[in-house]
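Chemist: sequence and predicted structure, then a few things I'm wondering about:
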Amino acid sequence: MDKKQLITIAGSVWCAVGAFLIIRGYFLYQLADSSKNTIIISLIVALVIGGAKGKFVLSKTARKNKNRIEGLEHSPLKIHDVFSKVFYFLIIGMIGLGVALRTYPHLVGGYVVVAAIYCGIGMALIMGSLVYWKSDVKPVLEEAS
């Protein structure tokens with residue numbers, strides 16, 4: 001496995017998990033005891049905030065991970081090298097938090113809030129995953145004659 005494959009896998013995981021969370025959020029909205037307008041406003045706010053978080057916060061995390069992968073020196077590279085060891089613990093914690101939110105939605109304001117959190121995080125992951133797909137090669141600009 002080479003570095004480019006690891007970067008592709010990392011971006012794919014971020015994007016797939018983000019899409020999964022948005023779909024999960026959609027189904028959680030169906031459980032919400034709220035008006036249609038409340039749900040629509042909640043979804044729009046979640047996607048906007050999530051998009052901004054992905055662009056300005058998670059993109060830095062993705063950049064660090066991409067740089068870490070590009071700097072790996074050991075060979076052969078393995079699938080578990082796609083994320084750092086610390087990141088795997090963070091993933092476990094996030095899954096646990098998601099389970100807690102779904103189990104006790106009334107503690108945070110109900111399913112409309114939980115759905116918004118899911119959709120916002122999903123959008124943030126999708127926006128953050130764009131770092132993995134971008135080439136770092138800068139085009140050469142021609143000088144004016």
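Modeler: Alright, I've got the coordinates.
Chemist: let me know the secondary structure of residue 121.
Modeler: Put simply, residue 121 is helix when judged by DSSP: H, G, I helix; E, B strand; the rest coil.
Chemist: residues in contact with it?
Modeler: 18, 21, 50 (C-beta atoms under 8 Å, 6 or more residues apart in numbering). Placement of C-beta: from N, CA and C, glycine included.
Chemist: next: residue 42.
Modeler: By C-beta under 8 Å, 6+ apart, the contact set of residue 42 is 29, 34, 112-113, 115-116.
Chemist: which of those fall in helices?
Modeler: 29, 112-113, 115-116 (DSSP state H).
Chemist: that older thread, now tabulate the contacts of residue 42 in CSV and tack on pLDDT and distance to residue 57.
Modeler: As requested, the contacts of residue 42 are arranged in CSV below (pLDDT from 0 to 100; distance: C-beta to C-beta, whole Å):
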residue, pLDDT, distance to residue 57
29, 96, 24
34, 90, 28
112, 96, 24
113, 96, 20
115, 97, 21
116, 97, 17
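Chemist: CSV please, covering the residues you listed and showing distance to residue 77 and neighbour count.
Modeler: Output for these, formatted as CSV (distance: C-beta to C-beta, whole Å; neighbours: other C-beta atoms under 10 Å):
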residue, distance to residue 77, neighbour count
29, 40, 23
34, 47, 18
112, 43, 23
113, 41, 19
115, 38, 28
116, 38, 26
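Chemist: re earlier: neighbour-wise, which of the contacts of residue 121 leads?
Modeler: residue 50 (28 neighbours; other C-beta atoms under 10 Å).
Chemist: could you look up the SS state of the spatially most central residue of the chain?
Modeler: Centroid-nearest residue in the chain: residue 125, 1.5 Å away (criterion: C-alpha atoms, centre = their mean). For residue 125, the assignment made with three-state DSSP gives helix.
Chemist: re earlier: of all the contacts of residue 121, which comes closest to residue 75?
Modeler: residue 18 (30.8 Å; C-beta to C-beta).
Chemist: and the helix or strand where the closest one lies, what does it pack onto?
Modeler: Using DSSP states H and E, residue 18 sits in helix 3-31. Under the contact criterion of 3 or more C-beta pairs under 8 Å, 6 or more residues apart in numbering; DSSP states H and E, helix 3-31 touches helix 36-53, helix 59-70, helix 111-133.
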